[in-house]
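Peer 1: let me see the structure of the following:
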Amino acid sequence: RGRPADTRTDFQKHSLRVLVMLLLRDYPGSRLCGHRDLSPDLNGNGEIEPEEWVKVCPCFDAASILQEPSPPNPASL
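Peer 2: All right, here's what the predicted structure looks like:
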């Protein structure tokens, strides 16, 4: 409806964080980014800004997954 939102459940957030941590362990030095971060730099300033995004997804900053506090593991609740 033109209003993108982060609709991940706590279980999905937890699972994604675990998966990303495992992948980064296996592929050190990899760049963590979302689809939107791979849009073309239309103004050539070296930064992909929101007005340049071809896609809005994911509706969260993928690179910040590891800086955010860990969501509770829903299986342990």
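Peer 1: so how far is residue 68 from residue 14?
Peer 2: 11 Å (C-beta to C-beta, to the nearest Å). (Each C-beta comes from the backbone N, C-alpha and C, glycine too.)
Peer 1: and these two? Which one has more around it.
Peer 2: residue 14 (18 against 11; other C-beta atoms under 10 Å).
Peer 1: how far does stretch 27-36 stretch from start to finish?
Peer 2: 22 Å (C-alpha to C-alpha, to the nearest Å).
Peer 1: contact partners of it?
Peer 2: 20, 23-24, 48, 53-58, 60-63, 65-66 (C-beta atoms under 8 Å, 6 or more residues apart in numbering).
Peer 1: among those, which ones are buried?
Peer 2: Using 16 or more other C-beta atoms under 10 Å as the burial test, the contacts of stretch 27-36 include 48, 53, 58, 60, 62, 65 as buried.
Peer 1: now the fifth one: closest residue in space, sequence neighbours ignored.
Peer 2: So the one you mean is residue 62. Nearest residue to residue 62, sequence neighbours excluded (C-beta to C-beta, 6 or more residues apart in numbering): residue 34, at 3.6 Å.
Peer 1: what stretches of this protein score poorly on pLDDT?
Peer 2: Counting by pLDDT under 70, the chain contains low-confidence ranges at 1, 71, 74, 77.
Peer 1: residue nearest the centroid of it?
Peer 2: Closest to where the C-alpha atoms of the chain average out (C-alpha atoms, centre = their mean) is residue 62, at 1.7 Å.
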